[in-house]
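**Student:** Sequence and computational prediction follow.
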Amino acid sequence: MTGIRSLAVLTLLLAAVCTMHAAEGAARFSHKTHAPLKMPCAKCHTGVSKAAAAGYPGEAECKVCHTAFTAAQTKFPTKRVYRLPDFVFFSHKVHLDARAECARCHGDVNASAAVTLAVPPTMKMCVDCHRETKASIECFVCHEISQ
């Protein structure tokens, strides 16, 4: 019985250490908490209107509303959730200019506290959307075909 108790105590200690370590890392960001403000995605993801990548907000963007930060809150989450293969060309700017809705690819991020891979990016999903919106489905539009 002492072996089982020791293992249980060790497990709880390990969980506590991991939780403390996670708390010291990047702040947790909740789109759901910010959803009532009804800000457009581009307000924080400023790269979306001028680059291939949407990017993440910096401290300056957040300080527009949040005037005081703790040390942990200044470490913003920057772990990418959506990834495409290297041979796929994708530009947020091109899609924004075409009036594509963010939720079409990213799901309803405002409904959850953490961003997850709600809509896995597949070729079928992209081609279906291109057909529906009458965008080109020529291979070279999204793929480098010289390889």
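**Tutor:** Great, that's in hand.
**Student:** Pull the number of nearby residues for residue 120.
**Tutor:** A count of nearby residues for residue 120, using other Cβ atoms under 10 Å, gives 8. Where you see a C-beta, it was placed from the backbone N, CA and C, and this is true even at glycine.
**Student:** Ok, the one 4 residues further on next?
**Tutor:** Using other Cβ under 10 Å, residue 124 has 7 other residues around it.
**Student:** I'd assumed it was in a helix, is it?
**Tutor:** Yes - the assignment for residue 124 is a helix, going by DSSP: H, G, I helix; E, B strand; the rest coil.
**Student:** Okay, it and residue 131: tell me how far apart.
**Tutor:** 10 Å (Cβ to Cβ, to the nearest Å).
**Student:** same question, residue 138
**Tutor:** 12 Å.
**Student:** Likewise for residue 98?
**Tutor:** 14 Å.
**Student:** go on, residue 108?
**Tutor:** 23 Å.
**Student:** How about residue 33?
**Tutor:** Taking Cβ to Cβ, one finds residue 33 at 36 Å from residue 131.
**Student:** right, and residue 42 touches residue 50 too?
**Tutor:** No - assessed by Cβ atoms under 8 Å, residue 42 is found out of contact with residue 50, at 9.6 Å.
**Student:** Which one of the two is surrounded by more residues?
**Tutor:** residue 42 (15 against 11).
**Student:** so what's that one up against?
**Tutor:** Counting by Cβ atoms under 8 Å, 6 or more residues apart in numbering, residue 42 makes contact with 48-49, 96.
**Student:** Pull out the buried members of those residues.
**Tutor:** 48, 96 (16 or more other Cβ atoms under 10 Å).
**Student:** ok, the contacts of residue 42 vs residue 120, which is closest?
**Tutor:** The closest of the contacts of residue 42 to residue 120 turns out to be residue 48 (Cβ to Cβ; 20.2 Å).
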